[in-house]
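Visitor: I would like the atomic coordinates for the input below:
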Amino acid sequence: MERENRKLQARQSIHESSFYQRLDYEEVTPCLKEVTQVWNQLLAHPERPKVKFDAELIMKSMKKGVPKSKRGAIWKLLIEHDRLTRPDRLGPTSSFPAIDEPYHELLKQLTPNQHAILTDLGRTFPNHQYFSAPLGQGQLSLFNLLKAYSLIDTEVGYCQGLSFVAAVLIMHMSENDAFETFKYLLFNLGFRRQYKPDMEALQVQMYQLERLIHDQHQELYQHFQNNDIGPTLYAAPWFLTMFASQFPLGFVARVFDLIFIEGIEVVFKVALALLSDHKPLILQCGGFESIVHFLKTDLPDMTFIQMEKIINKVFEMDISRHLQAYEVEYHVLQEEVLMAPQLHMADERERIQQLETACAQLRRRNLELLEQIQQERSLSNSTQSKLQTSREECERLNSRLKTAEIERLALLNTIGKLKELIPQDKLEELGIALPNVETHDDRCHEERSSLLLTVPTSLKESRSADDALSSALLDGSKPPSPYPSTGSSRSRYVPAPRLRPMDAGDQQKLLQPLLRQRGLQRKRSISLEDVQAIP
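Guide: Presented below is the predicted three-dimensional model:
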């Protein structure tokens with residue numbers, strides 16, 4: 001970079017000859033010869049740095065225009081006039097030890113912001129012939145100016161937007177004069193605050209602009225609110241580059257003319273005038289994207305008549321008191337926001353305690369409900385277990401009932417066979433009375449009679465019948481009835497009268513004569529098979 005600077009100094013004559021190349025833009029307010037003569041007289045005054053010129057004369061001449069070729073010199077004149085009329089704008093000196101260091105000495109030093117500066121060189125006026133050549137005369141001058149400023153103001157260093165402001169100055173004056181003018185803009189006119197890392201000043205400016213729109217253009221303000229569009233979306237580049245990044249250079253030059261007279265207030269006036277002049281078109285835009293596109297693309301594309309109209313509106317506007325009131329309002333709101341936690345801290349603590357107490361109660365209630373649920377679950381499990389046991393007991397009783405029923409039927413069958421085999425007179429002699437089986441239905445009595453007469457002809461058939469009954473019990477199915485099928489009529493047995501039951505002796509007395517007649521040997525006891533073997 002140092003080598004390029006030496007080459008730049010060697011081509012100083014060429015650099016001077018390219019002065020008109022840098023001013024390659026069309027003026028918005030063409031300056032008449034009469035006005036040009038007034039500016040020439042002011043510039044040629046022998047005691048210019050010490051003389052206070054008439055402010056009304058300067059303002060009147062400014063309204064009629066500024067000659068493009070004299071614009072840089074006129075800006076220096078306005079700075080000198082401002083320093084004489086407003087000594088309070090001298091700017092800080094103690095906080096910035098290197099602020100008075102010569103420009104050429106600053107260029108010999110290195111800056112930590114070099115990479116950021118080099119990155120933005122190609123983005124600054126890429127279509128302007130003086131800045132379009134990579135590391136050409138325009139880009140080198142721009143780099144040197146931004147580098148020098150970053151060395152004297154380490155807090156700001158470099159911020160996007162500064163390159164456009166510096167480039168506008170380089171177009172109209174020498175590199176050294178541009179650096180001094182750049183320092184005056186940032187330090188004395190107060191533009192430096194909006195480039196600080198916290199950008200608090202920029203936030204205040206956005207609030208002020210929004211309040212201006214709210215008070216002077218209520219319909220436009222409501223349209224922005226309905227589409228969630230704040231000033232930061234479209235106006236932040238206007239303030240950071242002083243409209244240089246989006247608007248034509250002729251319009252930007254006129255804005256700079258006014259800035260050197262009125263300061264940053266001009267940026268608010270121009271922004272408000274732009275929105276006011278394009279209000280009908282903005283209201284026709286529907287939706288967030290449509291409005292933002294119009295503000296960033298269509299609005300800057302104005303005709304010279306529109307731009308001159310905007311500048312004339314700026315001269316007529318007076319918003320100084322509004323801006324001061326809005327700035328105070330912003331800081332008051334910020335203080336209220338900061339003080340609110342302290343004012344409501346006691347209430348918040350009490351609220352927190354109430355919430356903690358409520359949470360503790362809910363936890364206790366939750367534990368109680370969990371215990372109840374556990375108890376109900378245990379009771380439910382116990383009930384299920386008892387129910388299962390009852391079902392098993394019921395099944396067991398049903399099984400025993402079926403077995404008892406089968407045994408009862410077998411006994412009835414045996415009694416029937418005994419009554420058939422043993423004569424009644426023999427039973428009477430022995431004093432034995434067999435129970436009678438009676439029914440309320442004659443049909444059932446006939447069925448029982450036929451059953452009593454149906455005796456197995458052999459022991460094998462009897463065992464087959466017993467096996468069938470056992471299989472039915474094991475399968476859980478209905479056991480076969482010992483009675484023949486008689487249709488759908490139902491019968492019921494009447495319990496026999498209570499008699500003395502037969503014992504083993506009665507059986508021996510009753511059956512021994514019959515066995516002797518049949519040629520059977522005498523036995524101590526008579527079994528069911530013996531009875532069934534009697535023909």
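
Visitor: middle-most residue in the chain, spatially?
Guide: Geometric centre of the chain, nearest residue: residue 228, 19.0 Å, by C-alpha atoms, centre = their mean.

Visitor: pretty sure that one is touching residue 291, no?
Guide: No. Between residue 228 and residue 291 there is no contact under C-beta atoms under 8 Å: 9.9 Å. Placement of C-beta: from N, CA and C, glycine included.

Visitor: coming back round to it: can you tell me the SS state at the residue nearest to the centre of the chain?
Guide: coil (DSSP: H, G, I helix; E, B strand; the rest coil).

Visitor: what sits against it?
Guide: By C-beta atoms under 8 Å, 6 or more residues apart in numbering, the contact list for residue 228 reads residue 288.

Visitor: Next, give phi and psi for it.
Guide: phi 60, psi 50 (degrees, to the nearest 10).

Visitor: What score does it have for pLDDT?
Guide: For residue 228, the pLDDT comes out at 93.

Visitor: Roughly how far does it sit from residue 272?
Guide: 21 Å (C-beta to C-beta, to the nearest Å).

Visitor: just residue 426 next, same as before
Guide: Distance from residue 426 to residue 272, counting by C-beta to C-beta: 141 Å.

Visitor: Compare the two and say which is more crowded by neighbours.
Guide: Higher neighbour count among residue 426 and residue 272: residue 272, with 21 against 15, using other C-beta atoms under 10 Å.

Visitor: Just to be sure, the more buried one is in a strand?
Guide: No. Secondary structure of residue 272 (three-state DSSP): helix, not part of a strand.

Visitor: show me what contacts it?
Guide: Residue 272 sits next to 209, 212-213, 216, 317, 319 when contact means C-beta under 8 Å, 6+ apart.

Visitor: let's see it at 6 Å
Guide: residue 212 (C-beta atoms under 6 Å, 6 or more residues apart in numbering).

Visitor: Check the gap between it and residue 319 for me.
Guide: 7 Å.

Visitor: Also residue 353?
Guide: Taking C-beta to C-beta, one finds residue 353 at 50 Å from residue 319.

Visitor: Same question for residue 273.
Guide: 11 Å.

Visitor: For these two, work out which one has more neighbours and name it.
Guide: residue 273 (19 against 16).

Visitor: average pLDDT for the longest helix along the chain?
Guide: Determined from DSSP state H, the single longest helix within the chain is helix 345-421. For helix 345-421, mean pLDDT is 88.

Visitor: What's the first helix or strand after it?
Guide: Next helix or strand after helix 345-421 toward the C-terminus (DSSP states H and E): helix 424-430.

Visitor: Report the rounded mean pLDDT for that next one.
Guide: pLDDT averaged over helix 424-430 gives 78.

Visitor: Same question for that helix: list its buried residues.
Guide: Applying a neighbour-count criterion of 16 or more other C-beta atoms under 10 Å, one finds residue 427 buried in helix 424-430.

Visitor: Now find how far off-centre stretch 99-116 is within its chain.
Guide: Relative to the mean C-alpha coordinate of its chain, stretch 99-116 is positioned 47 Å out (C-alpha atoms, centre = their mean, to the nearest Å).

Visitor: quick one: terminal-to-terminal distance for that stretch?
Guide: By C-alpha to C-alpha, to the nearest Å, the extent of stretch 99-116 from end to end equals 22 Å.

Visitor: Show me what it is in contact with.
Guide: Residues contacting stretch 99-116 (C-beta under 6 Å, 6+ apart): 144, 147-148, 150-152, 157-158, 176, 179.

Visitor: Just the buried ones from the residues you listed, in PyMOL syntax?
Guide: To isolate the buried ones among the contacts of stretch 99-116 in PyMOL, judged by 16+ other C-beta under 10 Å, type:
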select buried, resi 144+147+148+150+151+152+157+158+179
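
Visitor: Let's have the contacts of stretch 99-116 in a markdown table, adding secondary structure.
Guide: Below are the contacts of stretch 99-116 laid out as a markdown table (three-state DSSP):
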| residue | secondary structure |
| --- | --- |
| 144 | helix |
| 147 | helix |
| 148 | helix |
| 150 | helix |
| 151 | helix |
| 152 | helix |
| 157 | coil |
| 158 | coil |
| 176 | helix |
| 179 | helix |
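
Visitor: from the contacts of stretch 99-116, which is closest to residue 55?
Guide: residue 179 (27.1 Å; C-beta to C-beta).

Visitor: and that closest one, what does it touch?
Guide: 103, 145, 148.

Visitor: Could you export the residues you listed to CSV, including columns for distance to residue 64 and pLDDT?
Guide: Shown next, in CSV, are those (distance: C-beta to C-beta, whole Å; pLDDT from 0 to 100):
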residue, distance to residue 64, pLDDT
103, 34, 93
145, 31, 96
148, 35, 95
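
Visitor: Residue 300 and residue 247 touch, don't they?
Guide: Yes. Because the distance of 4.7 Å satisfies C-beta atoms under 6 Å, residue 300 is recorded as touching residue 247.

Visitor: Show me which of those two is the more surrounded one.
Guide: Between residue 300 and residue 247, residue 247 has the larger neighbour count (other C-beta under 10 Å), namely 22 against 16.

Visitor: which SS class is the more buried one?
Guide: Three-state assignment for residue 247 (three-state DSSP): coil.

Visitor: for it, phi and psi?
Guide: Dihedral angles for residue 247 - degrees, to the nearest 10 - are phi -100, psi 160.

Visitor: I'd guessed it sits against residue 299; true?
Guide: No. Counting by C-beta under 6 Å, residue 247 does not reach residue 299; the two are 8.9 Å apart.

Visitor: and the end-to-end length of stretch 118-131?
Guide: Taking C-alpha to C-alpha, stretch 118-131 runs 13 Å from one end to the other.

Visitor: still on that earlier bit, determine which two of the contacts of stretch 99-116 are furthest apart.
Guide: The widest separation within these (C-beta to C-beta) is 21.2 Å, between 157 and 176.

Visitor: Need the nearest residue in space to residue 153, chain neighbours excluded.
Guide: Leaving aside its chain neighbours, residue 153 sits nearest to residue 96 (6.3 Å; criterion: C-beta to C-beta, 6 or more residues apart in numbering).
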